[in-house]
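got a predicted model here, sequence first, then my questions.
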Amino acid sequence: MNSIGKVVLGLLGLAVVIILIAVPTAIYVNEEKVKAQRTFTLSDVFNSSIRARSYNMRWISDHEYLHQKDGSVFLHNLITGNNSEFLSSITFDQVAASDYVVSADKRYVAFKSNWTKIWRHSFTASYSLYDLAYSTFLSTPDIPHQVHLFAWAPIGNKMAFVWENDVYVKTSPTAKAIQVTSNGKHNKILNGIPDWVYEEEMFSSYEAMWWSPGGKYLAYAEFNDTLVQNIEYSWYGKEQYPDTVIFPYPKPGTPNPVVKLFVYDTANISNITEVVVPASVGAGDHYLATVTWVTDERIAVQWQKRKQNELRFQIYDLSIDGNTWIENVLEKLDVTSKTGWIGRFSPSNPTLSADKDSFYIVMSDNNGYKHIHHVTGGTATAVTSGTWEVIDILKVTNNAIYYSSNQYGDKPGGRNIYKITLGATPITPQCLTCTLNEDRCQYNSAYFSHDASFFRMDCSGPGLPLYTLRDNRDASSEIQVLEDNTALEGLLSEIHMPTMRRGFIKQGEFNLWYQMTLPPGFDKSKKYPLLIDVYAGPCSQKADYRYRLGWAAYLASTEKVIVASFDGRGSGYQGDKLMHSIYRRLGTYEVDDQIMAAKEFTNMGFVDKGRIAIWGWSYGGYVTSMVLGAGSGVFKCGMAVAPVSKWEYYDTIYTERYMNQPSENLEFYKTTSIFSKLLRSLKLWLRNKWTLRLCGTRTRTMVLMVQPISMSIPT
């Protein structure tokens, strides 16, 4: 911890006040049966029968949805009340399909099989085309195996797919595939799919091609990784010798992939036009953030500078001759963050208004809280406001905006669904879920039908998850319970389950929230071991109202350990001032706050200060290491899984978003590595002691960098 951090923390510590807000999670037990109940064991954590169930469905119109059950897919019509088999399990079995995608005209189905995972979102698969009109598979679909991405057009039955890093289009299921690009090359040029860093850190998706609303045009991104340096590691599979995996992995301060955006005209196969990045952004390194079609002749693109604190929202119009995409000088918006980065992670996707004349987007307001803004004519006007945040825009119709937020009850970890009637004065948000099963449901979302006449309400906690179908035309009245997890409730009634406590520690102007999983029969007069379960990355949130049934439940129920999580400075959903506290200084305040929280938990009187531990994965592993390296004496042990050991080793988009490039912030790159803190404290302790160091060769976002660690730690 640097001296400035110590002074600031010391001053703030004088004002620390503990405010407890006990919100007990429903414990499905009968007091008279407590003595006969068993505990929730480690085996239960991995028992698939003791898990909450969800309800899968896909809206295909404003009143129809598909639901898969027992291997078959059924069509549900909410107007007629009829339910019928849409796809038989026998049809799935014919091609060993694991999933399906229906064409917009509902004539064809693409069955997905041979699914093979690549990275977090990416995979390859085979696709078989099925004709619903004739109940038969097409004999020659002209789609190769190991396709990276498949996408139906939004109308009709055109399709596009990516194979071996090139884009292909079929104007109908029976038409011959047209090769749109031909420069695709493994680890060098990728078309229609992102490279590793864009998939992981910018798009959070494996899709980099976008159909226009009328299906006439296909936009796709080209990623050129020629200048990006490769990383390699051994992959131990079933063969006698391991494979060597090699892929481009840009690290802070090194060359990034070069991205371009193109549009293909399906009516003129020789017409491929580039959507050129604006000069104000393209003068230096930049990112393609989002692509949103407005009409077949208009497209909206968000570009970011490499530093990620400046963004251009630009509308492009197709020229009369169809050969050029022209920047609309009246429809552009420049956004700058003066306190940190733009967005929570990457910029949020804009949502098109029903009349297609404007957009709605979630962005920071003048007070630093994420709110809905109406973007038109190059101006963004706030639609919502307050010291809370909009999480996401769920649906925009002709007369309303539906969104999720954490406004209700001043609980940052809660989620509810709101409606704003367009044109109403004053703007008065209406909460659709705040008072529905409130004891059970404080973390809600919704999945709306095409025109929002109906929606599935997803209640994810704090009680057992509950999924209901609701009629939005009739005050969100309940039509049907889709899944209420009564089977799980019955199983848990035989188990002595832990309870939950939530509250916040007031530190200066911030309310920093925590949650505790408490052992069954918790007695505040006793002393319990404490495990801090930490993540603490930028915009993270561990203290929320979601229902969880996992390792923490086992530790509390069987081992009588209190498991706590705490959201300190740098965490999200409470405004930019809190979130941007750690901008350009990762590994400082968020680390200090975990130590402070553990001390405050000890002061509550029921924590055994001689048995306090901390553990975390990924960024949580990094914070765990930094906490131990701080030498506070609070923690007796720690478990760090896949930690970032040094920020120079991580990828560009993530690291530079929060730390800038090393040349711009060298001091904090050096002082916030694990080595600078952890090793300083460990060297004396480790001398003359056996030390076991275990690590894998790869996680979803990191690869092993063992040499510096081995050289630094004495054995």
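It's in.

ok now the longest helix along the chain, how far from the chain's centre?
Determined from DSSP state H, the single longest helix within the chain is helix 589-603. Taking Cα atoms, centre = their mean, to the nearest Å, the mean C-alpha location of helix 589-603 is offset from the chain mean by 27 Å.

so what does that helix touch, helix or strand wise?
helix 3-13, strand 499-507, strand 510-518, strand 528-534, strand 562-566, strand 607-617, helix 619-629 (3 or more Cβ pairs under 8 Å, 6 or more residues apart in numbering; DSSP states H and E). The C-beta positions use only the backbone N, C-alpha and C, and glycine is treated the same way.

can you put these in TSV and add mean pLDDT?
Compiled in TSV, the helices and strands packed on helix 589-603 are given as follows (pLDDT from 0 to 100):
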stretch	mean pLDDT
helix 3-13	38
strand 499-507	97
strand 510-518	99
strand 528-534	98
strand 562-566	99
strand 607-617	96
helix 619-629	93
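
tabulate these (CSV), appending mean neighbour count and distance to residue 357.
Listed next are the helices and strands packed on helix 589-603 as CSV, based on neighbours: other Cβ atoms under 10 Å; distance: least, Cβ to Cβ, whole Å:
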stretch, mean neighbour count, distance to residue 357
helix 3-13, 12, 48
strand 499-507, 20, 43
strand 510-518, 23, 40
strand 528-534, 24, 46
strand 562-566, 25, 44
strand 607-617, 18, 45
helix 619-629, 27, 41
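
make CSV from those and add distance to residue 245 to it.
Formatted as CSV, the helices and strands packed on helix 589-603 follow (distance: least, Cβ to Cβ, whole Å):
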stretch, distance to residue 245
helix 3-13, 39
strand 499-507, 41
strand 510-518, 38
strand 528-534, 30
strand 562-566, 34
strand 607-617, 21
helix 619-629, 22
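
and those: which comes nearest residue 40?
Proximity to residue 40 (Cβ to Cβ) singles out strand 510-518 among the helices and strands packed on helix 589-603, at 10.6 Å.

now do that closest one against strand 607-617, angle only.
100 degrees (axes from the mean of the first three to the mean of the last three Cα atoms, to 10 degrees).

same for strand 510-518, what does it pack against?
strand 499-507, helix 551-557, strand 562-566, helix 589-603.

which stretches in the stretch 151-300 of the chain count as helices?
196-197, 279-282 (DSSP state H, counting those that start in this stretch).

any idea which of those helices is most buried?
Ranked by mean neighbour count, these are led by helix 196-197 with a mean of 24 (mean count of other Cβ atoms under 10 Å).

which helices and strands does that helix pack with?
Helix 196-197 packs on strand 243-248, going by 3+ Cβ pairs under 8 Å, 6+ apart.

what lies in contact with the strand it packs on?
Strand 243-248 has contacts (Cβ atoms under 8 Å, 6 or more residues apart in numbering) with 187, 195-197, 225, 228-235, 237, 257, 698.

strand partners of it, parallel vs antiparallel please.
strand 230-235 (antiparallel) (DSSP bridges).

please save the CA atoms from the partner strand in CSV.
The C-alpha coordinates for strand 230-235 follow below in CSV (Å, rounded to 0.1, in the frame of the first residue of the first chain):
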residue,chain,number,x,y,z
ASN,A,230,1.6,-14.6,-30.6
ILE,A,231,1.5,-16.5,-27.3
GLU,A,232,1.8,-20.2,-27.1
TYR,A,233,1.3,-22.9,-24.5
SER,A,234,1.0,-26.7,-24.3
TRP,A,235,-2.4,-28.4,-24.5
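
buried sites along that strand?
residue 231 (16 or more other Cβ atoms under 10 Å).

what is the most widely separated pair among the contacts of strand 243-248?
Of all pairs in the contacts of strand 243-248, the most separated under Cβ to Cβ is 237 and 257 at 27.8 Å.

neighbour count for the two, which is higher?
residue 257 (26 against 9; other Cβ atoms under 10 Å).

for residue 38, give its distance to residue 381.
In this view, residue 38 and residue 381 are 58 Å apart by Cβ to Cβ, to the nearest Å.

show me the shaky parts of the chain.
1-35, 678-715 (pLDDT under 70).

and the spatially most central residue of it, how close does it get to residue 456?
With distances taken as Cα atoms, centre = their mean, the residue of the chain nearest its centroid is residue 204 (7.1 Å). Look at residue 204 and residue 456: by Cβ to Cβ, they are 22 Å apart.

do the same with residue 228
41 Å.

name the residue in the two with the higher neighbour count.
Between residue 228 and residue 456, residue 228 has the larger neighbour count (other Cβ under 10 Å), namely 24 against 21.

can you pull the contacts of that one?
Contacts of residue 228 by Cβ under 8 Å, 6+ apart are 195, 248-250, 254-257.

can you do 6 Å?
Shown in contact with residue 228 (Cβ atoms under 6 Å, 6 or more residues apart in numbering): 248, 250, 255, 257.

state the distance from the second one to residue 653.
Pointing back at residue 250 there. 8 Å.

now do the first one
Taking Cβ to Cβ as the criterion, residue 248 is separated from residue 653 by 13 Å.

pretty sure residue 312 sits against residue 279.
No. With contacts counted by Cβ atoms under 6 Å, residue 312 stays clear of residue 279, the gap being 10.1 Å.

do I have it right that residue 173 meets residue 128?
No. Contact criterion Cβ under 6 Å: residue 173 and residue 128 do not qualify, at 10.8 Å.

sorry, back to before: can you flag the buried ones in the contacts of residue 228?
Judged by 16+ other Cβ under 10 Å, buried ones among these: 248, 250, 257.

coming back round to it: hmm, which two among the contacts of residue 228 are most spread apart?
Pairwise over these, using Cβ to Cβ, the maximum falls at 248 and 255, 9.5 Å.

circling back to that earlier point, what's the overlap in contacts for residue 250 and residue 653?
Common neighbours of residue 250 and residue 653 (Cβ under 6 Å, 6+ apart) are residue 197.

hey, C-alpha coordinates of the longest helix of the chain in PDB?
Output of helix 589-603 as PDB, limited to C-alpha atoms (Å, rounded to 0.1, in the frame of the first residue of the first chain):
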ATOM      1  CA  TYR A 589      -8.200   1.000  -3.100                       C
ATOM      2  CA  GLU A 590     -10.100  -2.200  -3.900                       C
ATOM      3  CA  VAL A 591      -7.400  -4.100  -2.000                       C
ATOM      4  CA  ASP A 592      -7.400  -1.700   1.000                       C
ATOM      5  CA  ASP A 593     -11.200  -2.000   1.200                       C
ATOM      6  CA  GLN A 594     -11.100  -5.800   1.500                       C
ATOM      7  CA  ILE A 595      -8.800  -5.500   4.500                       C
ATOM      8  CA  MET A 596     -11.000  -2.800   6.000                       C
ATOM      9  CA  ALA A 597     -14.100  -4.900   5.500                       C
ATOM     10  CA  ALA A 598     -12.500  -7.900   7.200                       C
ATOM     11  CA  LYS A 599     -11.600  -5.700  10.200                       C
ATOM     12  CA  GLU A 600     -15.200  -4.400  10.400                       C
ATOM     13  CA  PHE A 601     -16.600  -7.900  10.200                       C
ATOM     14  CA  THR A 602     -14.400  -8.800  13.200                       C
ATOM     15  CA  ASN A 603     -15.800  -5.900  15.100                       C
END
